[in-house]
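Asks: Structure for this input, please:
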Amino acid sequence: LIPMVYTGYQSVTDPEVQQKFEASWGVDLDPDPGLTVVEIMSEVLEGRIKAMYMMGENPFLSDPNINKVKKCLAAMDFLAVQDIFITETAAYADVILPGSSFPEKNGTYTNTDSRVQLARKAIESPGQVRVDWHIIADLATRMGYPMPYESEEQIWQEIVSLTPVFGGITYERLAHEGLPWPCPEPDHPGVPIRFTEDFPRGKAKFSPAEYAPAQELPDETYPLVLNTGRVLQHWHTGTMTRRAKALDAIAPEALLEMTPEDMEELGIAPDEYV
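Replies: Numbering: from 1, shown residues only. Down below sits the predicted model:
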């Protein structure tokens, strides 16, 4: 989901990489990097992006500048949202596609310490909910690009065939234990810790940065700086964690932390609403 690379950090600007994916998918691919999430929102306001298909994302709360995001969501000609709950973003959607939560589907997870794990379906989905890749494949097929996949494993095999760092990771191996990537060969154990001696490029590359102050600095009218952060109990926008009774009981509301000196000057007491 990074707009300048394909799977396994393969650059979209590399002609060999581009040709490999074009041959597999049977389409011409753009050699230029795509847009980041923040850039996409700006392009909507400029009128260059008219429609969007969002999956499991809630930019209404997660993106900077909520007022700008609201304008973007309202400005699009068409917005489709695929999610497991009606989020603040989904309220703006023309179409809501009911996706599946993690215990309702099979597949693999690649977590942030680079370990690939196999997940097995544990419960049936409620109502009209569908497995996410079924929705995507059906949409692609209706729009003229057939995706005749028959299983999650077949999709994983395609990923492996195009991604050298996953080359040795199979469902058969994952059935016994998770595997860290890079894992290029079927008998490779995977690399749990990378860059223990040096980096692929040799020494690290440093880039000098010129100091630039924030665009908005404290003044007499607005004397404080608000910095947003996270709490242990809630993940991202709280779409799922705020529906967990135990987590919501521990942290039911947003919390503001201030220095005692600022609180005393403003006449604010601990645990008070501000």
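
Asks: So residue 84 versus residue 43, what's the distance?
Replies: Residue 84 sits 27 Å away from residue 43, going by CB to CB, to the nearest Å. Placement of C-beta: from N, CA and C, glycine included.

Asks: Compare neighbour counts for these two and give me the winner.
Replies: Legend: neighbour count by other CB atoms under 10 Å for residue 84 and residue 43, higher for residue 84 (19 against 14).

Asks: Setting aside sequence neighbours, what's the nearest residue to the more buried one?
Replies: residue 101 (4.9 Å; CB to CB, 6 or more residues apart in numbering).

Asks: Now residue 171. Nearest residue, chain neighbours left out?
Replies: residue 153 (5.0 Å).

Asks: Now the one you found: phi and psi?
Replies: phi -60, psi -40 (degrees, to the nearest 10).

Asks: so the residue nearest to residue 84 makes contact with residue 56?
Replies: No: using CB atoms under 8 Å, residue 101 makes no contact with residue 56, being 10.0 Å away.

Asks: okay, and the common contacts of the two?
Replies: Residues within reach of residue 101 and of residue 56 at once, by CB atoms under 8 Å, 6 or more residues apart in numbering, are residue 84.

Asks: So which of these two has more stuff around it?
Replies: Higher neighbour count among residue 101 and residue 56: residue 101, with 16 against 13, using other CB under 10 Å.

Asks: List the contacts of that one.
Replies: 84, 125, 240.

Asks: Check residue 27 too.
Replies: residue 145.

Asks: Please, where are all the strands along this structure?
Replies: 5-6, 10-11, 51-55, 78-83, 95-98, 107-110, 115-119, 179-180 (DSSP state E).

Asks: what bits of the stretch 151-274 of the chain have low per-residue confidence?
Replies: Counting by pLDDT under 70, the stretch 151-274 of the chain shows no low-confidence range.

Asks: Please repeat the previous calculation with a cut-off of 90.
Replies: Residue ranges of the stretch 151-274 of the chain with pLDDT under 90: 193-206, 213-216, 225-244, 248, 251-255, 274.

Asks: Which parts of this protein are helices?
Replies: 15-25, 37-45, 59-62, 66-75, 132-142, 152-162, 171-174, 245-250, 260-266 (DSSP state H).

Asks: any chance of these in CSV, with distance to residue 228 too?
Replies: Below are those laid out as CSV (distance: least, CB to CB, whole Å):
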stretch, distance to residue 228
helix 15-25, 36
helix 37-45, 15
helix 59-62, 10
helix 66-75, 11
helix 132-142, 29
helix 152-162, 34
helix 171-174, 37
helix 245-250, 19
helix 260-266, 17
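
Asks: most tightly surrounded among the ones you listed?
Replies: helix 59-62 (a mean of 17; mean count of other CB atoms under 10 Å).

Asks: That one - contacts with which helices or strands?
Replies: helix 66-75 (3 or more CB pairs under 8 Å, 6 or more residues apart in numbering; DSSP states H and E).

Asks: just to revisit the earlier point, out of the strands of the chain, the one nearest residue 147 is which?
Replies: Among the strands of the chain, strand 51-55 comes nearest to residue 147, with 14.6 Å by CB to CB.

Asks: Any idea how many residues pack against residue 238?
Replies: 19.

Asks: who's in contact with stretch 44-56?
Replies: Looking at stretch 44-56 with CB under 8 Å, 6+ apart, the contacting residues turn out to be 40, 43, 68, 71-72, 75-84, 89, 93, 99, 132, 139.

Asks: do that again at 6 Å, thanks
Replies: For stretch 44-56, the external contacting residues (CB atoms under 6 Å, 6 or more residues apart in numbering) are 43, 72, 75-83.

Asks: ditto for stretch 166-182
Replies: 114-118, 153, 160, 165, 183-186, 188, 190-192.
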